[in-house]
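*Asks:* below are the sequence and a predicted model; questions follow.
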Amino acid sequence: MPDSLSVAAEPYTFAFDPAQTALLIIDMQRDFLEPGGFGEMLGNDVSQLRRTVGPNRRLLAAWREAGLLAIHTREGHRPDLADLPPAKRVRGRSATTIGDQGPMGRILVRGEPGHDIIAELAPAPGEPVIDKPGKGAFWATDLHAILQHRDIRRLVVTGVTTEVCVNTTVREANDRGYECLVLEDCVGSYFPEFQAAGLAMIKAQGGIFGWVGHSAALLAALAGAGLVTQPALQGAA
Ligand code: C5J
């Protein structure tokens, strides 16, 4: 395994040791992404998120072939809602909120169908799944400990939504000393203007929170190093 790969990114090249880098896929859950889920029930255009599924599938397949660590997260709460801050429950002033019955079971409750990761990106055996009660993947979870135990220093971050859970997680990671590359084609927002702003804020001021790149560049770097085969890059679209 090469100890350094380079990926074209903004504000400048992202260099990483693959053995010390994890792919962190944020909240690719049915309730956020699937037609008929909670996100669509709220009036959101889920196609804005679904365009990330193909790029994430290709990347995850390549990452696995390269033998690198992939971690998945899910936003959700205990069935008794004991870990749900009352403020989070009522803030949207929506008639239907977290814990209520939604189109795919109780909304954002662990164990319910809508809380599951979409089938296309189902975690493989051995890939850690982080259940998080907040927007950030570090708060109230064991993610930092898992990364430390595996000597992970860098994160390739994908998932949804760009301006909420992806941005919050990248900021938390930055404060803990991790370097993050966010892949623009693999992250999504219901709102195009927030997608653009969410990415701009990460790479601003010389990369104040991290780097922004494209999965094609990362896949090319993995292929160039002989870590993945060309067929793997073309499959799983
Ligand atoms: C995530 C949200 N995953 N938008 N949650 O971004 O509430």
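*Replies:* Received, thanks.
*Asks:* residue nearest the centroid of the protein?
*Replies:* Closest to where the C-alpha atoms of the chain average out (Cα atoms, centre = their mean) is I26, at 2.3 Å.
*Asks:* name the nearest residue to it, sequence neighbours excluded.
*Replies:* G159 (3.0 Å; Cβ to Cβ, 6 or more residues apart in numbering). Just so you know, the C-beta spots here come from the backbone N, C-alpha and C atoms, and that holds for glycine as well.
*Asks:* for D17, same thing?
*Replies:* Nearest one to D17, counting by Cβ to Cβ, 6+ apart, is D3 at 5.0 Å.
*Asks:* circling back to that earlier point, any idea how far the residue nearest to I26 is from V170?
*Replies:* Separation of G159 from V170 (Cβ to Cβ, to the nearest Å) stands at 11 Å.
*Asks:* just the residues contacting stretch 37-51, thanks.
*Replies:* For stretch 37-51, contacts defined as Cβ atoms under 8 Å, 6 or more residues apart in numbering pick out 30-35, 94, 96, 102-104, 107-108, 114, 160-161, 185, 188-192, 195.
*Asks:* list the buried residues of it.
*Replies:* Within stretch 37-51, the residues that count as buried by 16 or more other Cβ atoms under 10 Å are G37, F38, G39, E40, M41, N44, V46, Q48, L49, R50.
*Asks:* just those: which are in helices?
*Replies:* Under the assignment DSSP state H, the buried residues of stretch 37-51 contribute F38, G39, E40, M41, Q48, L49, R50 to helices.
*Asks:* per-residue confidence at the first one?
*Replies:* Predicted confidence (pLDDT) at F38: the value is 88.
*Asks:* show the model's pLDDT score for the nearest residue to it once chain neighbours are set aside.
*Replies:* Spatially, and ignoring its direct neighbours in sequence, F38 is nearest to D31 (4.0 Å; Cβ to Cβ, 6+ apart). Per-residue pLDDT puts D31 at 96.
*Asks:* okay, D31 and the ligand: tell me how far apart.
*Replies:* Computed with Cβ to the nearest ligand atom, to the nearest Å, the distance linking D31 and the ligand is 10 Å.
*Asks:* may I have the secondary structure class of the spatially most distant residue from the centre of the chain?
*Replies:* Distance from the centre of the chain peaks at A95, with 28.1 Å (Cα atoms, centre = their mean). What DSSP: H, G, I helix; E, B strand; the rest coil gives for A95 is coil.
*Asks:* likewise for G102?
*Replies:* Look at G102: counting by three-state DSSP, its state is strand.
*Asks:* ok, what's across the strand from it?
*Replies:* G105 (DSSP bridges).
*Asks:* what helix or strand is L199 located in?
*Replies:* helix 192-207 (DSSP states H and E).
*Asks:* revised request: answer the last question for S6.
*Replies:* strand 5-7.
*Asks:* give me the contacts around that strand.
*Replies:* By Cβ under 8 Å, 6+ apart, the surrounding residues in contact with strand 5-7 are 13-18, 181, 213, 217-218, 221-222, 224-225.
*Asks:* try stretch 130-147
*Replies:* If you take Cβ under 8 Å, 6+ apart as the criterion, stretch 130-147 is touched by 22, 24, 26, 71-77, 83-84, 110, 128, 155, 164-165, 168-169, 171-173, 176, 178.
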